[in-house]
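Undergrad: Here is a sequence with its predicted model. Questions after.
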Amino acid sequence: MKEYLPIIGILLTALLGVFTYAIQERWKHQTALDERRQALYEKLIRDLVDLLIARTGAERSKLITEIEKGWLFSSDDVLHACYELLEIYDDLYREVANAESPSEALLNKVRASQETRLRVAHSLAKVFRAMRADVRRDTKIKERWAKAHFKIYDWGALSQPTNPPRAATPNEWWSYQD
């Protein structure tokens, strides 16, 4: 039996090494997935808000394509919540589709109607809460609390620009170069 002790020791050491390696690789894979999800969720937040203020069909189409990238890495709850928000957006857009400028009419509807604003805010709160639960599995925030505290501010995405940006004229541009 004494002659097998070194072999047993080597085998146990090798097994421990393989086990440690497998755990490290799984942790590395999970970390990479979490980083991808975080980047996706940060972009998804911008895209969902930008969809509300998109001016053209091309902008909306691009944003929806970006939102649909959620199929790749987002959790099921986030995906469900995003599509619930897209349903609300679709309902609102259908209501204003015949307006001269549907995008502006939709934005004005959200600006003017507290009920519509709450509907959109509650849906966004559900998306954000699902994202939080996905990246922070220890979260204690419940959906009810998120809906009660999340709101769309008048001075945020819904605000009307007072001084729209304009391009500098060539004379102005050259004067900045001095």
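TA: Noted; the coordinates are in hand.

Undergrad: Do you know the pLDDT at V78?
TA: On pLDDT, V78 comes in at 94.

Undergrad: now it, nearest residue through space, not along the chain?
TA: Ranked by C-beta to C-beta, 6 or more residues apart in numbering and with sequence neighbours excluded, the top spatial neighbour of V78 is A130, at 4.4 Å. Where C-beta positions appear, they are placed from N, C-alpha and C, glycine not excepted.

Undergrad: Distance from the chain centre to the strand or helix carrying E35, please.
TA: According to DSSP states H and E, E35 maps onto helix 5-53. Remark: helix 5-53 is offset 21 Å from the chain centroid, using C-alpha atoms, centre = their mean, to the nearest Å.

Undergrad: Can you dump the C-alpha atoms of the very next helix or strand once past that helix in CSV for me?
TA: Proceeding N to C from helix 5-53, the next assigned helix or strand is helix 57-68, under DSSP H and E. C-alpha atoms of helix 57-68 as CSV (Å, rounded to 0.1, in the frame of the first residue of the first chain):
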residue,chain,number,x,y,z
GLY,A,57,-39.2,55.5,-39.6
ALA,A,58,-35.5,54.8,-40.3
GLU,A,59,-34.5,55.8,-36.7
ARG,A,60,-37.4,53.7,-35.3
SER,A,61,-36.4,50.7,-37.4
LYS,A,62,-32.8,50.9,-36.4
LEU,A,63,-33.7,51.2,-32.7
ILE,A,64,-36.1,48.2,-32.9
THR,A,65,-33.4,46.2,-34.5
GLU,A,66,-31.0,47.1,-31.7
ILE,A,67,-33.7,46.3,-29.1
GLU,A,68,-34.2,42.9,-30.7
